[in-house]
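Peer 1: got a sequence here, can you build the structure:
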Amino acid sequence: MAKEQISNTNSGGNAVLFGQHEWIRILVPGFFFTIFLSLFYEGFLTRYLPVRPDLLLSIFLFAGFTLAAGLTMYARETPKRRKAFQENQPSQYLSAKSRTMKGMNLLDDAEAQRLYFYILNIHVPPAFYEKIFLFGTVYHIMVQIRRTTFWFALTSTLTALYQISAGIQLANQQGLMVFTIGVWLLYVLNVRYNKADRKMQENYQDQILWLQMNNDLVEDVLRRRQSAPPFRP
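Peer 2: Numbers count the residues shown, from 1 in each chain. Got it, this is the predicted structure:
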């Protein structure tokens, strides 16, 4: 009974932390994109779209672009396709563990991931759960910032070259040039001092260590999953 109460407490606290981190993953990259879009507008687009909305409309536009951009990047989930995210996942440890247990059916990748998320949400203590999701959130944000920076740097460079070909001198593109140089510098620093991939792998290793230190729990969950009746919709 006590164990069940502890698990329920962990589940409720972890659900709150999960929601907080997911919103951070949406809003921070979206905010970063909108800031860059605003600077790009000031440096280039005002030449062709000299529109100045009032303060209230500007706030609504800023919030709308932030949410739309953040949700778009969140839905695409491009950071999950990176090698650092795919390798050495804790769910792979569960798959390997099931192969060492007598009479246990092998877990495919999807089943192993679902089972690991069950363990993560129900059994992992909130403090450790917070650390896991903090590093995961930072990893996603850094990857999205790096890609946003690259595409704005490339776009502003091509824009400057286009305006030069159209006869607009660099002296008349000071705002755009400052923006372009600044964004390229930020991108280079992000790539040069990138620790996101290494930290993500360290995060995975910490989770695997937790599973190893709680071997009895892991085996019990695997056996209960084995004996559970198949789902019939």
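Peer 1: show me the shaky parts of the protein.
Peer 2: Counting by pLDDT under 70, the ranges of the chain that qualify are 1-18, 228-233.
Peer 1: what about Gly103, how many neighbours?
Peer 2: Look at Gly103: counted by other CB atoms under 10 Å, it has 6 neighbours. Every C-beta, even on glycine, is put in place using the N, C-alpha and C of the backbone.
Peer 1: before we move on, what SS does it have?
Peer 2: Of the three states, Gly103 takes coil according to DSSP: H, G, I helix; E, B strand; the rest coil.
Peer 1: so what's the nearest residue to it once chain neighbours are set aside up against?
Peer 2: In this structure, Gly103 finds its nearest non-sequential neighbour in Gln226, 7.8 Å apart by CB to CB, 6 or more residues apart in numbering. When contacts are counted by CB atoms under 8 Å, 6 or more residues apart in numbering, Gln226 touches 103-105.
Peer 1: what does Ile141 give?
Peer 2: 24-25, 28-29.
Peer 1: measure it to Met101 for me?
Peer 2: According to CB to CB, to the nearest Å, Ile141 and Met101 sit 38 Å apart.
Peer 1: give the buried residues for the helix or strand containing Glu111.
Peer 2: Taking DSSP states H and E as the definition, Glu111 sits inside helix 109-122. Using 16 or more other CB atoms under 10 Å as the test for burial, helix 109-122 gives 111-113, 115-116, 119-120.
Peer 1: widest-spaced pair of those residues?
Peer 2: Greatest spatial distance among these (CB to CB): Glu111 and Leu120, at 14.8 Å.
Peer 1: identify the residues contacting the residue nearest the centre of the chain.
Peer 2: Compute the mean C-alpha point of the chain, and by CA atoms, centre = their mean the closest residue is His140, 2.3 Å away. For His140, the contacting residues are 25, 29, 79, by CB under 8 Å, 6+ apart.
Peer 1: element containing the residue nearest to the second one when sequence neighbours are not counted, please.
Peer 2: Going back to what we said before, that points to Pro29. Excluding its sequence neighbours, the residue lying closest to Pro29 (CB to CB, 6+ apart) is Gln144, at 3.9 Å. Here Gln144 sits within helix 126-165, counting by DSSP H and E.
Peer 1: in that helix, which residues are buried?
Peer 2: For helix 126-165, a neighbour-count test (16+ other CB under 10 Å) marks 129-130, 132-133, 135-150, 152-153, 156-157, 159-160, 163 as buried.
Peer 1: can you tell me, leaving aside adjacent residues, what's nearest to Tyr204?
Peer 2: Excluding its sequence neighbours, the residue lying closest to Tyr204 (CB to CB, 6+ apart) is Asn88, at 4.9 Å.
Peer 1: what's the spacing between the one you found and Thr34?
Peer 2: Distance, Asn88 to Thr34, using CB to CB: 35 Å.
Peer 1: those two: which is more packed in?
Peer 2: Set Asn88 next to Thr34 and count neighbours by other CB under 10 Å: Thr34 wins out with 20 against 15.
Peer 1: you'd agree the more buried one is up against Ile59?
Peer 2: No. Using CB atoms under 8 Å, Thr34 makes no contact with Ile59, being 11.5 Å away.
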